[in-house]
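Chemist: whatever this is, show me its structure:
(chains A, B, C and D)
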Number of protein chains: 2
Amino acid sequence: MQNAPRKARNSATSTRRKSAAVTIHEVAQRAGVSPMTVSRVVNGNANVRAATRELVMRTVRELNYTPNAAARSLAAASGTRIALIYTNPSSAYLSELLVGALDGASKAATQLVLDTWDHMTRATERAAARKIAQSVAGVILPPPLCESKAVCSELVAAGIPVVAIASGRFQPDISGVRIDDFRAAQEMTDHLISFGHSRIAFIKGHPNQTASALRYEGFQAAMAAAGVPVDPTLVQQGFFTYRSGLEAAEKLLARKKPPTAIFASNDDMAAAAVSVAHRRGMDVPRDISVVGFDDTPTATTVWPELTTIRQPIAAMAASSIDLLLRSIRRRKDGEARVVVDHVVAHVLVKRDSVAAPGPG
Amino acid sequence: MQNAPRKARNSATSTRRKSAAVTIHEVAQRAGVSPMTVSRVVNGNANVRAATRELVMRTVRELNYTPNAAARSLAAASGTRIALIYTNPSSAYLSELLVGALDGASKAATQLVLDTWDHMTRATERAAARKIAQSVAGVILPPPLCESKAVCSELVAAGIPVVAIASGRFQPDISGVRIDDFRAAQEMTDHLISFGHSRIAFIKGHPNQTASALRYEGFQAAMAAAGVPVDPTLVQQGFFTYRSGLEAAEKLLARKKPPTAIFASNDDMAAAAVSVAHRRGMDVPRDISVVGFDDTPTATTVWPELTTIRQPIAAMAASSIDLLLRSIRRRKDGEARVVVDHVVAHVLVKRDSVAAPGPG
DNA sequence: AGCGTAGTTGATAGCGCTATCAAAATTCAA
DNA sequence: TTGAATTTTGATAGCGCTATCAACTACGCT
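Modeler: Residues are numbered from 1 along each chain as shown, chains lettered A, B, ... in the order given. Sure, this is the predicted structure:
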């Protein structure tokens, strides 16, 4: 005699369509526990005996069970929405950021919402932060927003998890996913030095981002380590824009004794440097080497293609979503806020904008 | 005596949390109809008397009712997911496309999924199309994918609604959201002519996209209308890439009698033309005018900023989502497939890359 | 032994919506 | 007019999951 189901939930007469997906009930039945217990295990709730948890997890894996996001958010009355807030929509890596975030979100069956904050004062930023905190369960903050104390503190105060992406430095109160800007800049500088360059110019990034400082520090450290003096007149302030790169490069190349290489803090400024060099009749890389940072589309658009540092923005965005989701779940269970700093690997991409300096 | 609710659905003892949002029941009660009728009206089902529909719609507006997406997709057992498929991830307007699509999707509480199809043969494209058709309810196709007969026909055969975005020409079997490329190119040409240019060069777009042909035809039509002959040696083939623009511009400016203006079929190629001009010691726009198309970030990155045609990609993407959602609903009700061609307005953005030709 | 106290588990009742089918209202043909 | 075909509406029963609380374990403690 077969053991009859405890309750015929899908009575024989039910004509309702049914998706083919495996449900929590099937897992429960197979594991010999109640659906509620499965739910608890799947959601990482603490109050389940270790043995039971093991059993359920194994069954989940066997049946390849995936929770139905719609049912979940309906029952929990909490649409797990995550906001990605950005300023400066023309930022070159926005599309990669979006692709990554969207990918992570759809894998986790989470709704991703976008919010643009442009031309905001500190006060309106605070207000906006308070407002968004009420409609989403977590926030991803790319630079330069993640550097804003006002925004971060407001979000933290509202109690929602925040992940700073590509912020240069680890911040004690919010989680972050980033590369090691210092090391990356160091490697790039070493790369230039290994080609025989010593008169290396540096175009700094926007001073409102910690990554800018770190990249500069990495440059300095590598130069110092190689015993190559940094000529302070060869260090120009930039602001991550093409225009600022144009101005900086102009000053650099107008000198009587121009540098043999320019290390720009991002690709847009590097592209500008290439343009200025061309306008002055110089060939890249024969007469001057130029390198960038970030590996945005710009790097492969210009000619010659730029040697640069690849920041895996898409992957970083996807893992931000994961991080956030875990925090959200933890928070719901009343556990303490956990802050993590996730440093991912960068890559030095060698292309055609670097060569050994000429005999001059 | 108050009229008692027909059924106390939230009994006095229910301690369950309840989101503040207005539900279909409240609308139904206020309108004096059943929830089912409200559902039908909201979903555009045909079998509702006009008077009833009116009443319900008014009530919906009064209460500012928005359907709960989670409940909807749970009940309908159909996660309304929409796929945005793209090739060529470095396409300059991808980020705008994503922003728009995401915006539209989150407003409609729809899950947007991304799919990248790169380096595919016609056969693998077909297979991929068949596969995606099983997991989503609708597809958005940007160029050049929307030009692929194989992909379109496969998707159409699978019976899922498709919207081609920014495809040049209206295709009879799938819906489209686009600008009028012909007219836009015409206007841009007129703009150039109005400055006094007559030796106008044209860099064509990639031949695999109908928009390319339309832009060229618009250029020709405007020239003909103004009685300005088109010098065939001043028309170069490009492929929408910076590199191809470089080569085309190089040929154009190497001529003994170079053009006084270059109309490139997109911004990347226009930027390349500016770069070539600079390298040859020419000033833009004093010595030569350069215009682009699309108004991608590139247009405002280079110096001088490019006069170009703005295609409202974000808005187009958002309305693609709407279009798709409507088709999906219609299809579910067993109605016939409807194909629409939505042409949105473009804008001629005047910036700093155009001036009257010199006396030379 | 007797009785709390904390740790586990399960039964129940919805979350807000829609598929389904039956009932009611309407239209149309004869 | 009347019966049948048609359209419009509503009652019912879930979709798959989780909040809630009751029940049922252990494990100490007086």
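Chemist: pretty sure A:Val33 sits against A:Val56.
Modeler: Yes. In this structure, A:Val33 is within contact of A:Val56 by CB atoms under 8 Å, at 6.4 Å. From N, CA and C alone the C-beta is placed, and that goes for glycine too.
Chemist: higher neighbour count, these two?
Modeler: Neighbours per residue (other CB atoms under 10 Å in any protein chain shown) separate A:Val33 from A:Val56, with A:Val56 holding more: 24 against 18.
Chemist: quick one: the nearest residue to that one once chain neighbours are set aside from A:Asn47, how far?
Modeler: Spatial nearest neighbour of A:Val56, excluding adjacent residues (CB to CB, 6 or more residues apart in numbering or on different chains): A:Val41 at 4.2 Å. A:Val41 sits 10 Å away from A:Asn47, going by CB to CB, to the nearest Å.
Chemist: more crowded one of the two?
Modeler: For A:Val41 versus A:Asn47, neighbours defined as other CB under 10 Å are more numerous around A:Val41 (21 against 7).
Chemist: pretty sure that one sits in a strand.
Modeler: No. A:Val41 is assigned helix when assessed by DSSP: H, G, I helix; E, B strand; the rest coil, not a strand.
Chemist: what sits against it?
Modeler: Contact analysis of A:Val41 by CB atoms under 8 Å, 6 or more residues apart in numbering or on different chains lists A:48, A:52-53, A:56-57, A:60.
Chemist: repeat the analysis, applying 10 Å as the threshold.
Modeler: A:27, A:31, A:33, A:48, A:52-57, A:59-60 (CB atoms under 10 Å, 6 or more residues apart in numbering or on different chains).
Chemist: cool, and A:Asp295?
Modeler: Contact analysis of A:Asp295 by CB under 10 Å, 6+ apart lists A:92-93, A:96, A:266-267, A:306-313, A:346-349, A:351.
Chemist: what about the helices in chain A?
Modeler: A:24-31, A:35-42, A:50-63, A:69-75, A:94-107, A:122-135, A:149-157, A:181-194, A:210-225, A:242-253, A:267-279, A:297-301, A:313-332 (DSSP state H).
Chemist: can I get those helices in TSV with distance to B:Ile179?
Modeler: Output for the helices of chain A, formatted as TSV (distance: least, CB to CB, whole Å):
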stretch	distance to B:Ile179
helix A:24-31	48
helix A:35-42	47
helix A:50-63	49
helix A:69-75	36
helix A:94-107	21
helix A:122-135	32
helix A:149-157	37
helix A:181-194	41
helix A:210-225	38
helix A:242-253	27
helix A:267-279	28
helix A:297-301	23
helix A:313-332	29
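Chemist: format those as a markdown table; extra columns: mean pLDDT.
Modeler: Formatted as a markdown table, these follow (pLDDT from 0 to 100):
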| stretch | mean pLDDT |
| --- | --- |
| helix A:24-31 | 92 |
| helix A:35-42 | 91 |
| helix A:50-63 | 91 |
| helix A:69-75 | 83 |
| helix A:94-107 | 85 |
| helix A:122-135 | 86 |
| helix A:149-157 | 89 |
| helix A:181-194 | 98 |
| helix A:210-225 | 97 |
| helix A:242-253 | 96 |
| helix A:267-279 | 94 |
| helix A:297-301 | 89 |
| helix A:313-332 | 85 |
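Chemist: those helices: which one's closest to B:Gln209?
Modeler: Nearest to B:Gln209, of all those, is helix A:297-301, at 18.9 Å by CB to CB.
Chemist: what helices or strands is the closest one leaning on?
Modeler: helix A:267-279, strand A:308-310, helix B:242-253, helix B:267-279, helix B:297-301 (3 or more CB pairs under 10 Å, 6 or more residues apart in numbering or on different chains; DSSP states H and E).
Chemist: hmm, who's touching that helix?
Modeler: With CB under 10 Å, 6+ apart, helix A:297-301 has contacts from A:92-93, A:95-96, A:242, A:266-272, A:291-293, A:305-310, A:349, A:351, A:353, B:89-92, B:94-95, B:241-243, B:245, B:268, B:271-272, B:297-298, B:301.
Chemist: circling back: just the buried residues out of the contacts of A:Asp295, in ChimeraX syntax.
Modeler: Paste this into ChimeraX to select the buried members of the contacts of A:Asp295, with burial taken from 16 or more other CB atoms under 10 Å in any protein chain shown:
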select /A:92,93,96,266,267,306,307,308,309,310,311,312,313,346,349,351
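Chemist: keep only the contacts of A:Asp295 that also lie close to chain B.
Modeler: By CB under 10 Å from any CB of the partner chain, the members of the contacts of A:Asp295 lying near chain B are A:92-93, A:96.
Chemist: among these, which one sits closest to chain B?
Modeler: A:Ala92 (7.0 Å; CB to the nearest CB).
Chemist: so the closest one sits against A:Asp294, correct?
Modeler: Yes. Counting by CB atoms under 10 Å, A:Ala92 touches A:Asp294, with 7.2 Å between them.
Chemist: please enumerate the shared neighbours of these two.
Modeler: In contact with both A:Ala92 and A:Asp294: A:240, A:266-268, A:313, using CB under 10 Å, 6+ apart.
Chemist: quick one: which of those is nearest DNA strand C?
Modeler: A:Ile313 (36.4 Å; CB to the nearest atom of the strand).
Chemist: could you measure from the nearest residue to that closest one once chain neighbours are set aside over to B:Ala46?
Modeler: Of all residues not flanking A:Ile313 in the chain, A:Glu96 sits nearest, at 4.3 Å (CB to CB, 6+ apart). Distance of A:Glu96 to B:Ala46, given as CB to CB: 44 Å.
Chemist: again, but for A:Glu154
Modeler: Taking CB to CB as the measure, A:Glu154 falls 48 Å from B:Ala46.
Chemist: who's more crowded, those two?
Modeler: Neighbours per residue (other CB under 10 Å) separate A:Glu154 from B:Ala46, with A:Glu154 holding more: 20 against 10.
Chemist: looking at the stretch 1-150 of chain A, which residue is nearest chain B?
Modeler: Counting by CB to the nearest CB, the stretch 1-150 of chain A gets nearest chain B through A:Ser95, at 3.3 Å.
Chemist: which residue packs closest to that residue, ignoring adjacent ones?
Modeler: Counting by CB to CB, 6+ apart, the residue nearest A:Ser95 is B:Ser95, at 3.3 Å.
Chemist: and if you look at A:Asp173?
Modeler: That would be A:Val156: by CB to CB, 6+ apart, it lies 5.5 Å from A:Asp173.
Chemist: what about that neighbour, how many neighbours?
Modeler: 17.
Chemist: need the residues of the stretch 251-360 of chain A near chain B, please.
Modeler: So the stretch 251-360 of chain A meets chain B at A:268, A:271-272, A:274-281, A:283, A:296-303, A:305, A:314 (CB under 10 Å from any CB).
Chemist: and the stretch 101-250 of chain A, by the same measure?
Modeler: So the stretch 101-250 of chain A meets chain B at A:101-103, A:105-107, A:109-116, A:241-243, A:245-247 (CB under 10 Å from any CB).
Chemist: what about stretch A:190-204, how long is it end to end?
Modeler: Start and end residues of stretch A:190-204 are separated by 17 Å (CA to CA, to the nearest Å).
Chemist: stretch A:278-291 too?
Modeler: 15 Å.
Chemist: how about stretch A:270-288?
Modeler: Terminal-residue distance, stretch A:270-288 (CA to CA): 12 Å.
Chemist: and if you look at stretch A:327-343?
Modeler: 18 Å.
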